[in-house]
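Novice: I would like to see how this sequence folds:
(2 chains)
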Amino acid sequence: MKLNDLHTSLSNLQEKLTRFSFDELSAKEADSFRNALNSFKSLLDYKNTINGSLNNPCSSNTIIDSKTELEETQQTLQSLLVTAANKEINVPLNGILKFSEKLLKSNLTMEQEKIVKEIQTSSSNILTVSKDIIDYTGNDAIGTNESTTIKFHTIVKDVLFLCNALILNTSLKLDYTAANTIPNDLIGDPSKLSQILLNLVGNAVQTTQKGEILVVSKLQQETEDKVFIEFTVTDTSFGISDDKLDTVFDFYSQDKSSIGLGLNVAKQLIESMEGTISVSSKVDVGTMFTFMLPFKKPEEPTRSSLSKGIADMQVLIFEDNMLNQKLIELKLKKWNCKTFITDNCNVGLEILENNPIDIILMDLRMPGKNGDQIAEEIRNNNDLRVKNTPIIAVTADHDIRTSTEFNISNFTEFLLKPYTSDELLSTLLEQIENNANMETLTSNHINDKGEVPKINLTPVLNECMGDIGMLQELIKLFKNNALEFIGKAIVHIKNEDYEGLKFSTHKIKAGLKMMKTEALHDTVLEMENAIKGDIDVKHLNFLYNCFIEEYPVIDQQLDDELLRLAQEA
Amino acid sequence: MKKRLLLAEDDELLSSLLKFRLEKSGYAVDVVVNGKDVKKYLTTTTPDLIVSDIMMPYMSGIELIDYVRNELNSKLPIIIISSAGNEENVLNAFEMGANDFLSKPVSPPELLIRVARVLKSA
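Specialist: Numbering: from 1, shown residues only, chains lettered A, B, ... in the order given. All right, here's what the predicted structure looks like:
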């Protein structure tokens, strides 16, 4: 990324925006968007050509006689060209992302902002897909299928959104109808699905002058472990005459002017997924491609497999009711946890001190010392391990989170009575995960190899109470703040406006801390120190440059992490 | 009746998160981003509590407390959010009549507890 460009344009952005009229700006920027998208599309076609020719050597009239020689050449060429082509795709895609980022900073209407955001999501998803393509084309992968959990509807929607952006012609419409009987979570190859759709819909966009392209997905058949999804892509193009219909999927199609080479690739991909494709067409009416793709259904994780996650966990239970004691002991024993049960504070503390307790379940209402008081004593214990043991409050008080009666900060989590076995299990699992996250966080912190530690946003997602949309919103705000900081700080430094700079550093600090971007946070702290007392402008500039060099890495890591968490959710 | 909080915070990132958490806990939350807007807001609305960053454009948190206590003559509870290393200002804030304070980075659960506590004793 050209950082100098980035911050120069940012620092001048506000100024430029006021100078341009809004309409002028959006039209101009929209054009650039289109160009970027078009170059992406043409590169994709180019890549398909390569894939097509390389994976289909028999149907090409190649002059190389020796079969081994052919294969060797093919392999070298394949790995070289595919990598190169994918790199070429990534460049305009990144361009789109960067550009939409910039566009978001301008005065957009709500509607425009929504569109730009959609472009962003779509392109970043496609970017991931493109990276996947590198992987599978790299090792003759048309034949191999990746099998991972995919969000079916999201993928289709993203691809079609991108296709829609390719339509320059206002008399052409792209519509999509999805059967909501198709489950969103499926197992299959996301990059293949995207590429098939891109090729077929892209082909329709190319061949259709006006009218409508209609994409329909239907659940054709469902078995115990599989779903069969049928897509139709119908367009209002001039159609294909009967004599040419047989050859549309051939690599060397007669009618190259109107039909992209993508059809050949699409067919190969579909067949590699054990799907089928057919075409029907009527001259002057239109063409309809129908293809069927099978996907596996994800297995529901069973309680018994989940409970493996908490096996050997040591649980201390404060509970005075004998019946409840027995019940919980029974459940936890079944999940192979080790249990300690008491209703007495001192006994409990002794158990805590002498056993590596992973978690405490604390009934709040007990005779003698109640759960709140015991929690307080645990938190005040001198032993760091004892003190930091997660405590789950078990209570029938459903307003506990806003209760002022208890010091709720002593509790890690709340389990509301009456709770089911599943709720108990997932609460315990969550704690195990949190502990694991804590450990990664600490180990990141002492990463001394000079590498940038990967960002872990799970704690932030927890702060958002698991709401991924909220997290996404926070990341967006964080990025805006960071870009604003990059833009403003350099102006402040140039103008020697250290009061202004202090304000900027103050404003960005909370966000840097929240997003766990330690390195950037340290840099900003150093900048703050540098403007106390004698000011060393050179050092300030150096620190500023550190920040802008580091930032793009963080930016990317945030996206990756968000994607990871979104996929987990 | 929901308790209404005014959140004066110029960092949109922090205010979004805090607003989200406060609203989840059943408060009505209004956000303003600078001292000018705090004044404007207070002419039309009296919240049950103000949570304010100590450092804001146009009017600092200290000036805000001064304004509420001495110009509006109001006992409206105020919680100050301060950055680490700003201890001196925190003392000033208490002297001026702040009810409580939190250090950045703000932990949402801690804020919820402090808000509940201040509202209870108000």
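
Novice: all contacts plus neighbour counts: C-alpha atoms, from now on.
Specialist: OK.

Novice: how about stretch B:113-121 and chain A, touching?
Specialist: Yes. Where contact is defined by CA under 8 Å from any CA of the partner chain, part of stretch B:113-121 touches chain A, namely B:I113, B:A116, B:R117, B:K120.

Novice: in ChimeraX, select just the buried ones from the residues you listed.
Specialist: Here is the ChimeraX command that selects the buried residues among the residues of stretch B:113-121 next to chain A (16 or more other CA atoms under 10 Å in any protein chain shown):
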select /B:113,117
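
Novice: as JSON lines, the residues of stretch B:113-121 next to chain A with pLDDT and secondary structure would be great.
Specialist: Shown next, in JSON lines, are the residues of stretch B:113-121 next to chain A (pLDDT from 0 to 100; DSSP: H, G, I helix; E, B strand; the rest coil):
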{"residue": "B:I113", "pLDDT": "89", "secondary structure": "helix"}
{"residue": "B:A116", "pLDDT": "92", "secondary structure": "helix"}
{"residue": "B:R117", "pLDDT": "91", "secondary structure": "helix"}
{"residue": "B:K120", "pLDDT": "88", "secondary structure": "helix"}
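
Novice: for chain A, what is the nearest residue in chain B?
Specialist: At 5.5 Å from chain A, B:L13 is the closest residue in chain B, using CA to the nearest CA.

Novice: so that residue touches A:L474, yeah?
Specialist: Yes. With contact defined as CA atoms under 8 Å, B:L13 counts as touching A:L474 (5.8 Å).

Novice: rewinding a little: tell me the pLDDT at the residue of chain B closest to chain A?
Specialist: We note a pLDDT of 86 for B:L13 in this prediction.

Novice: list the contacts of it.
Specialist: A:L474, A:L477, A:F478, A:N481, A:G511 (CA atoms under 8 Å, 6 or more residues apart in numbering or on different chains).

Novice: what's the helix or strand for the residue lying farthest from the centre of chain A?
Specialist: Distance to the chain centre peaks in chain A at A:G368, reaching 49.9 Å (criterion: CA atoms, centre = their mean). Element membership for A:G368, per DSSP states H and E: none, as it lies in no helix or strand.

Novice: nearest residue to it other than its sequence neighbours?
Specialist: In space, and not counting its chain neighbours, A:G368 is closest to A:N344: 7.9 Å by CA to CA, 6 or more residues apart in numbering or on different chains.

Novice: if the most centrally placed residue in chain B is in a bridge, with which residues?
Specialist: Centroid-nearest residue in chain B, with CA atoms, centre = their mean: B:V51, separated by 1.3 Å. B:V51 forms beta bridges with B:L7, B:I79, as assigned by DSSP bridges.

Novice: do I have it right that it meets B:D10?
Specialist: No. In this structure B:V51 lies outside contact range of B:D10 using CA under 8 Å: 11.9 Å.

Novice: related to what we said a few turns ago, in the host helix or strand of the residue of chain B closest to chain A, which residues are buried?
Specialist: If you go by DSSP H and E, B:L13 is part of helix B:12-24. The neighbour-count check on helix B:12-24 (16+ other CA under 10 Å) flags B:E12, B:L13, B:L14, B:S15, B:S16, B:L17, B:L18, B:K19, B:F20, B:R21, B:L22 as buried.

Novice: low pLDDT regions in the stretch 1-150 of chain A?
Specialist: For the stretch 1-150 of chain A, the stretches with pLDDT under 70 are A:1-93, A:122, A:124-145.

Novice: next secondary structure after the helix or strand that contains A:E430?
Specialist: A:E430 is part of helix A:421-445 when elements are defined by DSSP H and E. The first helix or strand that comes after helix A:421-445 along the chain, using DSSP H and E, is helix A:458-463.

Novice: other SSEs contacting the lowest-mean-pLDDT helix or strand in chain B?
Specialist: Lowest on mean pLDDT, DSSP states H and E among the helices and strands of chain B sits helix B:87-96, with a mean of 82. Helices and strands touching helix B:87-96, by 3 or more CA pairs under 8 Å, 6 or more residues apart in numbering or on different chains; DSSP states H and E, are helix B:61-66, strand B:78-82.

Novice: again, only using 10 Å
Specialist: Applying 3 or more CA pairs under 10 Å, 6 or more residues apart in numbering or on different chains; DSSP states H and E, one finds that helix B:87-96 contacts helix B:61-66, strand B:78-82, strand B:100-103.

Novice: interface residues of chain B facing chain A?
Specialist: Within chain B, the positions near chain A by CA under 10 Å from any CA of the partner chain are B:9-18, B:20-22, B:24-26, B:55-57, B:83, B:104-110, B:112-117, B:119-120.

Novice: what about A:L327, neighbour count?
Specialist: Number of residues near A:L327 (other CA atoms under 10 Å in any protein chain shown) recorded here: 10.

Novice: surely it is in a strand?
Specialist: No. Looking at A:L327 with DSSP: H, G, I helix; E, B strand; the rest coil, it is helix, so not inside a strand.

Novice: helices or strands up against the one helix or strand A:I270 maps to?
Specialist: Using DSSP H and E, the element containing A:I270 is helix A:262-272. Applying 3+ CA pairs under 10 Å, 6+ apart, one finds that helix A:262-272 contacts helix A:22-55, helix A:190-207, strand A:276-282, strand A:286-296.

Novice: where exactly do the helices run in the stretch 451-569 of chain A?
Specialist: When assigned using DSSP state H, counting those that start in this stretch, the helices of the stretch 451-569 of chain A occupy the ranges A:458-463, A:468-494, A:498-514, A:518-530, A:537-568.

Novice: turn those into TSV, columns for mean neighbour count.
Specialist: Formatted as TSV, the helices of the stretch 451-569 of chain A follow (neighbours: other CA atoms under 10 Å in any protein chain shown):
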stretch	mean neighbour count
helix A:458-463	18
helix A:468-494	19
helix A:498-514	19
helix A:518-530	18
helix A:537-568	16
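
Novice: can I get these in JSON lines including distance to chain B?
Specialist: Converted to JSON lines, these look like this (distance: least, CA to the nearest CA, whole Å):
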{"stretch": "helix A:458-463", "distance to chain B": "7"}
{"stretch": "helix A:468-494", "distance to chain B": "5"}
{"stretch": "helix A:498-514", "distance to chain B": "6"}
{"stretch": "helix A:518-530", "distance to chain B": "11"}
{"stretch": "helix A:537-568", "distance to chain B": "15"}
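
Novice: reformat those helices as a markdown table; add mean pLDDT and distance to A:V156.
Specialist: Below are the helices of the stretch 451-569 of chain A laid out as a markdown table (pLDDT from 0 to 100; distance: least, CA to CA, whole Å):
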| stretch | mean pLDDT | distance to A:V156 |
| --- | --- | --- |
| helix A:458-463 | 86 | 26 |
| helix A:468-494 | 88 | 20 |
| helix A:498-514 | 86 | 33 |
| helix A:518-530 | 88 | 37 |
| helix A:537-568 | 88 | 16 |
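
Novice: out of the ones you listed, which is closest to B:V38?
Specialist: With CA to CA as the criterion, B:V38 lies closest to helix A:498-514 of the helices of the stretch 451-569 of chain A, at 18.1 Å.

Novice: mind giving me the packing neighbours of that closest one?
Specialist: Checking 3+ CA pairs under 10 Å, 6+ apart, helix A:498-514 ends up next to helix A:458-463, helix A:468-494, helix A:518-530, helix B:12-24.

Novice: mind giving me the packing neighbours of the third one?
Specialist: This means helix A:518-530. By 3+ CA pairs under 10 Å, 6+ apart, helix A:518-530 packs against helix A:421-445, helix A:498-514, helix A:537-568.

Novice: contacting residues for residue 101?
Specialist: Chain wasn't specified; assuming chain A. The contact partners of A:E101, taken as CA atoms under 10 Å, 6 or more residues apart in numbering or on different chains, are A:G95, A:V116, A:K117, A:Q120, A:K476, A:K479, A:N480, A:L483.

Novice: that's the other chain; I wanted chain B
Specialist: B:F101 neighbours (CA under 10 Å, 6+ apart): B:51-54, B:78-82, B:90-91, B:93-94, B:111, B:114.
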